[in-house]
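>>> Sequence below, structure please.
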Amino acid sequence: EVIRCIHIGLLCVQESPADRPAMSTIFQMLTNSSIVLPVPRPPGFFIKNRPNLDPLTYGSEPGQSSSKSIPFSIDKESITTVTP
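This is a model prediction of the structure:
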């Protein structure tokens, strides 16, 4: 059950908002264990091929500050109010 919840969580943070499940679908996934979950795509904040990436020193030499930032995803979708 814990693995299923983690799997659903990964579906909710996929990079493209169009790939993320709707709240009604999430509810069905949580309440009906017979529903087969799709394979999640990489999350919006997934950093590829950068082993040992330290967010404090990314893009800078030791002892120097940096103006570079770590890539991340911004969800531009509007906030939806869920009502019972």
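>>> From here on, just use CA atoms for contacts and neighbour counts.
Fine.
>>> I'd guessed residue 44 sits against residue 14; true?
Yes. Between residue 44 and residue 14 there is a contact at 5.7 Å, judged by Cα atoms under 8 Å.
>>> Between those two, which is the more surrounded one?
residue 14 (20 against 16; other Cα atoms under 10 Å).
>>> My guess is that one contacts residue 40. True?
Yes. Counting by Cα under 8 Å, residue 40 is a contact partner of residue 14 at 6.9 Å.
>>> Return the distance of residue 35 relative to residue 10.
For residue 35, the distance to residue 10 under the criterion Cα to Cα, to the nearest Å works out to 16 Å.
>>> Compare those two (neighbour count), which wins?
Residue environment comparison for residue 35 versus residue 10 gives the larger neighbour count to residue 10, 16 against 10, counting by other Cα under 10 Å.
>>> wait, what's in contact with that one?
Going by Cα atoms under 8 Å, 6 or more residues apart in numbering, residue 10 touches 40, 43.
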